[in-house]
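[1] Kindly generate the corresponding structure for this input.
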Amino acid sequence: MPRTYQWTTDDDEVAFDAIMVGIGGTDTTMIAAGLSYVEPQANIYWATQVTDRGVFAAGEMIGWPVGEALDRAEELRAMMGVRRVVITLQERGMWRDEWGKLADTEGYD
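    Predicted coordinates for the structure are as follows:
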């Protein structure tokens, strides 16, 4: 069964109880302007976490293929004891079904 993720396109929305995966690349505006298509890439980031598994400093991992980033984020979630993995999308249309399912409504709450 595919994973379902809460998601946003608002770069200012932060989930302090989550591992966040930011996905970006060439959006429709860039393509319309004549830029070449570039495969979406992902960055993984998290706020400082204090859980029953320990204290984890804020961090980030940059420049991952999206599928691998989602898998790594799930590993980090389990290791840190964090509640969830959430997605920040540059543009909603970048999401691919092969990566999982997005929640029906936008937002982390």
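[2] center of the protein - which residue?
    The residue lying closest to the centre of the chain (CA atoms, centre = their mean) is residue 21, at 1.9 Å.
[3] just the helices in the protein please.
    Under the criterion DSSP state H, the chain contains helices at 28-32, 66-80.
[4] Ok, which of these comes nearest residue 87?
    Among the helices of the chain, the nearest to residue 87 by CB to CB is helix 66-80 (8.3 Å). Using the backbone N, CA and C atoms, a C-beta is placed for each residue, glycine as well.
[5] how about the closest one: buried residues?
    Using 16 or more other CB atoms under 10 Å as the test for burial, helix 66-80 gives 66, 69-70, 72-73, 76-77, 80.
[6] Look up phi and psi at residue 16.
    Dihedral angles of residue 16 (phi, psi; degrees, to the nearest 10) stand at phi -70, psi -10.
[7] That one - how many residues pack around it?
    Residue 16: 11 surrounding residues under other CB atoms under 10 Å.
[8] where does it sit relative to residue 50, distance-wise?
    Distance from residue 16 to residue 50, counting by CB to CB, to the nearest Å: 11 Å.
[9] who touches the closest residue to residue 90 other than its chain neighbours in this structure?
    The shortest distance from residue 90 to any non-neighbouring residue, by CB to CB, 6 or more residues apart in numbering, is to residue 24 (3.8 Å). Applying CB atoms under 8 Å, 6 or more residues apart in numbering to residue 24 gives the contacts 40-42, 89-90, 94.
[10] Would you mind checking these for buried ones?
    The neighbour count (16+ other CB under 10 Å) marks 40, 42, 89-90, 94 as buried among the contacts of residue 24.
[11] show me what contacts residue 66?
    21, 23, 40-42, 96, 99.
[12] Same question for residue 27.
    90-91, 93-94.
[13] Just flag the most distant two among those residues.
    90 and 93 (9.4 Å).
[14] Lowest-scoring secondary structure element of the chain by mean pLDDT?
    Least confident element among the helices and strands of the chain, by mean pLDDT, DSSP states H and E: helix 28-32 (a mean of 78).
[15] residues making contact with that one?
    Contacts for helix 28-32 (CB under 8 Å, 6+ apart): 37, 91, 93.
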